[in-house]
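Novice: Could you look at this predicted model? Sequence included:
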Protein chains: 2
Amino acid sequence: MVVDYKQDLIDAVKRVHNYVYQTPILTSSLMNSLTGAQLYFKCENFQKMGAFKMRGAVNAILQLTAAQKEAGVVTHSSGNFAQAISLAARNLGIKAYIVMPSNAPKIKIEAVKTYGGHIILSEPTLASREAEAEKIVQEKGATFIHPSNDYNVILGQGTAAYELLQKQPDLDCITTPVGGGGLIGGSCIAAHFFGNNCITIGAEPATMDDAKRSLQAGEIQFNNGGLTVADGLRTHLGDLNFPIIKQFVDDILLVEEQQIIDAMKLIWQYMKIVVEPSSAVPLAAILANPGIFKNKKVGVIISGGNVDLTNLPF
Amino acid sequence: MVVDYKQDLIDAVKRVHNYVYQTPILTSSLMNSLTGAQLYFKCENFQKMGAFKMRGAVNAILQLTAAQKEAGVVTHSSGNFAQAISLAARNLGIKAYIVMPSNAPKIKIEAVKTYGGHIILSEPTLASREAEAEKIVQEKGATFIHPSNDYNVILGQGTAAYELLQKQPDLDCITTPVGGGGLIGGSCIAAHFFGNNCITIGAEPATMDDAKRSLQAGEIQFNNGGLTVADGLRTHLGDLNFPIIKQFVDDILLVEEQQIIDAMKLIWQYMKIVVEPSSAVPLAAILANPGIFKNKKVGVIISGGNVDLTNLPF
């Protein structure tokens, strides 16, 4: 089957339009003078449930058949995708089963409940999470939706970069954080097909450099148990998004933990927006690599704003 | 002299247009469902230097004569107006003298320096601050600009509500925090002359209820040394803004300290924006008075976002 990325993204944009916010784009003269670049921040922290993940969840669910919708959906996630599937499913009137590790923070479990997700606790291992999700698929007939390695999820996430390019068609570059590969996968499709020579550059914590190594090795690499403040980026790429990333992403930059925290504080202090640590990773990379971005027009996808306000890293 | 509030505000809008941001208006379905009202947040936390005060400072400075501009301006303030005059003056190429109490937080003194203001430290009493400012007027020929009791400052602050009404002409009500009276003074002019039966309701901390008592007594009342987390609202009304407020403001509501803190956290957590405690006072009043605001379209002026991120009240 030949995949038509361009048309598929256009279809996704139309499909999700009424179910997600067309989030604002902010600029900051201070950020421009600090980086020497012209930055355009696409604020997915203002998205429903507070993160871009809503886009992919909506796009995936909207393509289910009536019978599939009747049986509901299932995913395993302890983060924003759990909330996204819960809210998207509720808004579309279907049932969502969320497999979460038993050691997930109470605040995240509560958030999923708020959005109406049915929580199934698993052992805190990937194997156990996958097994519990598979059980729901078998027992309930629910459709499994992967947080990042799902073509419809990837396309949904790409709609943020598409909207950004509609407003700023002359971007030289789009930057995103890199976790499971859904956001950068969708964004690089948008940049390649709807930008004007617009490249895509990813950014990830140096302690979670799996994507950088994957691009270098030409096959998916994994993390080795490092730690990062950017808790949304601990995952690795998948077999559906990696080929897209390999084809359309120019480079992936690494940043240190302190650079992430400093960039996050800069955004809060001077842009007056609440963003999660993962969202600050691209700005940290831009600040650390002035040679790459100087005098360029750069889109920055602010991935989300779900953060424990009583436990900030600065 | 007959004052033409309506024309004067239109002139101010045109005058400041190129020197301030036309800040975004945010809505939140969660805030609407919590309050039972439709809320439109005018985000002056995204204004230059992080607060609405920039508008009044620019409008006042732009009306100086060439000779006055040559000699510079002076104000006394330890808060946002000090930064606003410093930045507005620098952007317009003139000198700003800022009288600050010697016990002002270092972070505020540094902020004024960042924007190029020349700081003169005074004893931490109002009498000393006024005396030091008067000395600058005498010695340097600088023009004194009061932070809130100055007609051009009042008009400048009113341009935020004017912009809000241009985008949302059918508001039933505009709410603002009440400190020195500049913001609510300008806002009620905008609501009265450019709204469609739009009333203005102020909100202030119960511990700083001078404006409420002033409206009741028909003359300016003062605070008696209370404390509030909303540190921008510790001042009292002035003889230039009080007559305007008396004429055009419908009511002033009081809120408790914990209500301010809770409303502030709600805004950060669900709207993903950084606001200072004073900005949360109107939302606290709306939450505490559902009978007044239910099913109404309400504009909320978010006054600013300058807050010490390492010392939050929640």
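Specialist: Now that the structure is in, tell me what you want to look at.
Novice: quick one: low-confidence parts of chain A?
Specialist: A:1 (pLDDT under 70).
Novice: If we use 50, what do you get?
Specialist: Scanning chain A for pLDDT under 50 picks out no residues.
Novice: Please, where are all the strands along it?
Specialist: Under the criterion DSSP state E, chain A contains strands at A:25-26, A:38-43, A:73-76, A:96-101, A:118-122, A:143-144, A:173-177, A:199-205, A:251-255, A:297-302.
Novice: Pull up the pairing partners for the fifth one, direction included.
Specialist: Put plainly, it is strand A:118-122. Here strand A:118-122 has these sheet partners by DSSP bridges: strand A:96-101 (parallel).
Novice: which one is residue A:251 nearest to, not counting chain neighbours?
Specialist: Closest residue in space to residue A:251, ignoring its immediate chain neighbours: residue A:201 at 5.2 Å, by C-beta to C-beta, 6 or more residues apart in numbering or on different chains. In this view, the C-beta of every residue, glycine as well, is placed from N, C-alpha and C.
Novice: swap in residue A:124?
Specialist: residue A:101 (3.8 Å).
Novice: Need the single longest helix in chain A, by residues.
Specialist: Residue-count comparison of every helix in chain A, with assignments taken from DSSP state H, identifies helix A:151-167 as the longest.
Novice: In contact with the residue nearest to the spatial centre of chain A: list those residues for me.
Specialist: Centroid-nearest residue in chain A, with C-alpha atoms, centre = their mean: residue A:183, separated by 4.1 Å. With contacts defined as C-beta atoms under 8 Å, 6 or more residues apart in numbering or on different chains, residue A:183 is in contact with A:52, A:148, A:157, A:160, A:176-177, A:301, A:303.
Novice: do that again at 6 Å, thanks
Specialist: Listed by C-beta atoms under 6 Å, 6 or more residues apart in numbering or on different chains, the contact partners of residue A:183 are A:157, A:176.
Novice: Find the nearest non-adjacent residue to the closest residue to chain B within the stretch 1-150 of chain A, please.
Specialist: The nearest approach of the stretch 1-150 of chain A to chain B comes at residue A:45, 4.4 Å away (C-beta to the nearest C-beta). When the adjacent residues along the chain are set aside, residue A:45 lies closest to residue A:305, with 3.0 Å between them (C-beta to C-beta, 6+ apart).
Novice: Touching, the one you found and residue A:277? I think so.
Specialist: No: Residue A:305 is not in contact with residue A:277 according to C-beta atoms under 6 Å; the separation is 10.7 Å.
Novice: So which bits of stretch A:153-173 are buried?
Specialist: Neighbour-count burial for stretch A:153-173, counted by 16 or more other C-beta atoms under 10 Å in any protein chain shown, picks out A:153-165, A:168, A:171-173.
Novice: so does it get close to chain B?
Specialist: No: contact between stretch A:153-173 and chain B, assessed by C-beta under 6 Å from any C-beta of the partner chain, is absent, since the two come no nearer than 13.4 Å.
Novice: what's next to that stretch, contact-wise?
Specialist: Against stretch A:153-173 from outside (C-beta under 6 Å, 6+ apart): A:8-9, A:12-13, A:16, A:22, A:25, A:40, A:42, A:44, A:52, A:55-56, A:59-60, A:174, A:182-183, A:185-187, A:189-190, A:194-196, A:198-199, A:201, A:241, A:296-299, A:301.
Novice: Check stretch A:101-109 too.
Specialist: Contact partners of stretch A:101-109, identified using C-beta under 6 Å, 6+ apart, comprise A:78, A:121-122, A:124, A:308.
Novice: same thing with stretch A:228-245?
Specialist: With C-beta under 6 Å, 6+ apart as the test, stretch A:228-245 has contacts from A:79, A:149, A:151, A:154, A:177, A:179-181, A:185, A:204-205, A:207-208, A:210-211, A:214, A:220, A:222, A:257, A:260, A:277-278, A:281, A:313.
Novice: Can I get the buried part of those as one ChimeraX selection?
Specialist: Of the contacts of stretch A:228-245, the buried ones go into a single ChimeraX selection, burial set by 16+ other C-beta under 10 Å:
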select /A:79,149,151,154,177,179,180,181,185,204,205,207,208,210,211,214,220,257,260,277,278,281
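Novice: Just the contacts of stretch A:228-245: which are in helices?
Specialist: Assignment to helices by DSSP H places the following of the contacts of stretch A:228-245 there: A:151, A:154, A:185, A:210-211, A:214, A:257, A:260, A:277-278, A:281.
Novice: Farthest-apart pair in these, please.
Specialist: Across the ones in helices among the contacts of stretch A:228-245, the longest distance by C-beta to C-beta is 32.6 Å; it joins A:151 and A:257.
Novice: List the contacts of the residue lying farthest from the centre of chain A.
Specialist: With C-alpha atoms, centre = their mean as the measure, chain A has its most outlying C-alpha, relative to the mean C-alpha position, at residue A:139: 29.6 Å. Residue A:139 is in contact with no residue at all, counting by C-beta under 6 Å, 6+ apart.
Novice: Kindly provide the distance from it to residue A:132.
Specialist: Relative to residue A:132, residue A:139 is positioned 11 Å away (C-beta to C-beta, to the nearest Å).
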